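>>> From the sequence below, what's the structure:
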Amino acid sequence: MLTLESFEQAAEIVKQVTQETKLIKSSYFSDLTGNKVYLKPENMQRTGAYKVRGAYYKISTLTEEERAKGLIAASAGNHAQGVAYAAHKFGAKAVIVMPTTTPLIKVERTKSYGADVILKGDVYDEACAYALELAEKEGYTFIHPFDDPAVATGQGTIAMEIVQELPLVDYILVPIGGGGLASGIGSFYKQMSPKTKIIGVEPAGAAGMKKSFECGEVTELNEVDKFVDGAAVQRVGELTYAICKKVLDDIVVVPEGKICTTILDLYNFDAIVVEPAGALSMSALDFYKNEIKGKNVVCVVSGSNNDITRMEDIKERSLLYEGLKHYFVVRFPQRAGALQSFVSNVLGPHDDITYFEYKKKTNREKGPALIGIEIQHPEDFQGLLDRMKSEGILYEYLNDNPNLFEFLIG
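Okay, here's the model as predicted:
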């Protein structure tokens with residue numbers, strides 16, 4: 001376990017590059033859950049995420065010779081920016097390998113700190129493998145994003161700030177990608193306030209720590225959903241796994257659609273902009289709403305580096321998760337006015353067609369059509385199905401298709 005002394009040392013060092021992120025009490029999430037919910041807004045941190053803490057502290061522990069060789073890191077974005085920014089502060093060269101799926105905003109911001117960026121692989125793990133190859137070939141010093149005690153200690157300085165501002169915390173919800181943040185915060189709290197429950201939160205499409213816990217050893221996922229790019233890790237760290245086994249009281253796995261709803265809620269009710277990984281901890285609150293009442297709960301908001309072009313996708317995923325948008329392939333009866341009849345007799349008074357495309361361009365009016373229908377309340381869905389049946393509409397329901405997004409694009 002990381003020591004209190006190491007956290008104290010790291011806290012003094014990271015102060016040189018971090019800004020104070022005071023806790024924010026969220027009225028929305030407090031009322032929603034019956035607790036006092038505080039947000040630790042690391043989305044307001046320099047570089048837009050907490051990662052600068054671990055990167056800067058790690059680089060501070062290197063020798064002048066190690067820094068002079070040049071630094072290299074692999075990251076889906078936030079660690080990349082942290083290393084680039086910290087390297088700039090130390091006057092060291094930085095090379096960052098990022099997955100090709102990394103949002104453009106993260107690539108551009110990493111470059112803005114003076115780093116050389118290489119795009120390689122579809123996920124973090126592939127980018128990391130290439131970065132390690134380059135480190136061996138070119139002699140660079142590798143800065144791991146999570147599986148390093150100094151990096152985890154730097155991330156854990158968040159916990160020191162929380163306890164200074166709010167001494168009594170019952171629950172802390174922490175996002176997990178590779179496990180560095182959870183290791184750092186958990187290690188500090190289990191020594192300083194062992195009664196505080198530490199809850200790790202992972203996206204359903206990249207629940208590597210949960211899987212490893214279930215298997216009793218670090219277990220690589222066969223594939224990951226890259227949507228929550230800041231937590232899309234196929235294999236968590238050996239060190240972070242060992243620490244998390246000791247310090248985490250639970251791990252919650254949250255569907256990507258729920259994360260999208262939380263992103264929108266944070267924006268609409270708390271005026272906070274986050275990336276998908278930044279919404280993980282708040283997304284888990286619903287899973288405890290019947291168990292935790294009247295407690296002090298802190299959610300770590302890990303990052304804000306979200307590309308604005310992703311917002312339509314985020315809204316779409318949220319609507320699907322909440323049961324407010326439904327897709328069908330509809331085969332209209334082959335008679336004149338079938339489409340008009342569908343609009344008049346099938347749609348409810350508050351239903352709206354938000355997507356319409358004939359699947360056979362050469363057979364309009366008679367060919368099957370892909371239709372997206374948005375409803376106001378989940379309970380309106382059954383009425384929609386009943387009216388299609390009564391009108392003799394033949395349809396295929398698509399929401400249950402795991403490849404829905406690929407189907408829509410195709």
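
>>> quick one: residue 133 and residue 341, what's the gap?
The spacing between residue 133 and residue 341, counted by Cβ to Cβ, to the nearest Å, is 62 Å. (C-beta placed from N, C-alpha, C; glycine too.)

>>> ok, the two, which is more surrounded?
Neighbour totals were compared for residue 133 and residue 341, and residue 341 leads with 16 against 13 (other Cβ atoms under 10 Å).

>>> was I right about that one contacting residue 392?
No. With contact defined as Cβ atoms under 8 Å, residue 341 does not reach residue 392; the gap is 10.0 Å.

>>> how far does stretch 38-47 stretch from start to finish?
Terminal residues of stretch 38-47 lie 22 Å apart, using Cα to Cα, to the nearest Å.

>>> Please list the outside residues in contact with that stretch.
17-19, 21-26, 29, 49-50, 52-53, 78, 81-82, 85, 109, 113, 158, 161-162, 166, 270, 272-275, 278, 282, 296-304 (Cβ atoms under 8 Å, 6 or more residues apart in numbering).

>>> Buried only: go through the residues you listed for me.
17-18, 21, 23-24, 26, 29, 49-50, 52-53, 78, 81-82, 85, 109, 113, 158, 161-162, 270, 272-275, 278, 282, 296-304 (16 or more other Cβ atoms under 10 Å).

>>> Mind checking what secondary structure residue 162 has?
State at residue 162, reduced to three classes by DSSP: H, G, I helix; E, B strand; the rest coil: helix.

>>> cool, the one 5 residues further on as well?
Using three-state DSSP, the secondary structure recorded for residue 167 is coil.

>>> One more: residue 107?
Residue 107 is classified as helix under three-state DSSP.

>>> who are the neighbours in contact with it?
77, 98, 117, 119.

>>> quick one: which of those residues is nearest residue 70?
Of all those, residue 70 sits closest to residue 117, with 14.0 Å by Cβ to Cβ.

>>> returning to that earlier point: strands - which of the contacts of stretch 38-47 land there?
24-25, 296-301 (DSSP state E).

>>> Reformat these as a markdown table; add pLDDT.
As requested, the ones in strands among the contacts of stretch 38-47 are arranged in a markdown table below (pLDDT from 0 to 100):
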| residue | pLDDT |
| --- | --- |
| 24 | 97 |
| 25 | 97 |
| 296 | 98 |
| 297 | 98 |
| 298 | 98 |
| 299 | 98 |
| 300 | 98 |
| 301 | 98 |
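
>>> Turn those into a markdown table, including distance to residue 200.
What follows is these, written out as a markdown table (distance: Cβ to Cβ, whole Å):
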| residue | distance to residue 200 |
| --- | --- |
| 24 | 22 |
| 25 | 23 |
| 296 | 18 |
| 297 | 14 |
| 298 | 14 |
| 299 | 12 |
| 300 | 11 |
| 301 | 15 |
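
>>> Need the max-distance pair from those.
296 and 301 (16.4 Å).

>>> pretty sure residue 354 is in a helix, no?
No. Residue 354 sits outside any helix when classified using three-state DSSP, being strand.
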